[in-house]
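K.L.:
make a model of this:
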Amino acid sequence: MGGWSPVRRHRGEDLLDSQAMSENRLLLTCGLPGAGKTTLATRLAAERRAVRLTKDEWQWALGSTPWDRTTGEKIEQQLWRLAQEILSLGLSVVLDFGLWGRAERDEMRTVARSLGVGVELHYLEVPVEELWRRIEVRNSAPPWKGEPITRADLDDWAAKFQTPDASELALFDAPLDAR
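P.N.:
Modelled structure (predicted):
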């Protein structure tokens, strides 16, 4: 019996064309809260016909909050494992995690490349004052109204965030639509 293939046959035609198979990507959104990562991830998923995995949405849906780090880490690990499975099936994935650290971005890029998948980093650089303005709006509505982000939180996170520099950005693939 032959090996399993992600391309299923129906009446002699490929349901997934070879071009789409060779262009599957891991699309990473990177930035601080309020930068627009989820908005971008939603748009990229629609444009690229990709599966979008957003950690915060899973936390809220499971009755947790983004403040619960233990649950958040478990969810992130499971979503990353799921992303790898999806990528190995020849589909694209958008990960909406924030990715504040270089080591985390490097690891995801390395793993995805070992799967034969291109990796794009979509870094959203927004001034802290604009982030705070957006967060204040977000904090005024559920579910964040009950679990708001403070200005001290944002300032602390901004100090810890490892901004991708030009040499790091050069390690990622150019977006397919930029060719």
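
K.L.:
contacts only, for the closest residue to Leu26 other than its chain neighbours.
P.N.:
The shortest distance from Leu26 to any non-neighbouring residue, by C-beta to C-beta, 6 or more residues apart in numbering, is to Ala112 (4.1 Å). The C-beta positions use only the backbone N, C-alpha and C, and glycine is treated the same way. Contacts for Ala112 (C-beta atoms under 8 Å, 6 or more residues apart in numbering) come out as Leu26, Gln84, Leu87, Gly118, Val119.

K.L.:
switch to 7 Å and redo it
P.N.:
Applying C-beta atoms under 7 Å, 6 or more residues apart in numbering, we find Ala112 in contact with Leu26, Leu87, Val119.

K.L.:
mind checking how far the last one is from Arg109?
P.N.:
Applying C-beta to C-beta, to the nearest Å, one obtains 5 Å for the distance of Val119 from Arg109.

K.L.:
quick check: phi and psi on the residue nearest the centre of the chain?
P.N.:
For the chain, the residue nearest the mean C-alpha position is Leu95 (1.8 Å; C-alpha atoms, centre = their mean). Main-chain torsions, Leu95, degrees, to the nearest 10: phi -100, psi 120.

K.L.:
ok, now which ones touch it?
P.N.:
Leu95 neighbours (C-beta under 7 Å, 6+ apart): Leu26, Leu28, Thr29, Leu53, Ala83.
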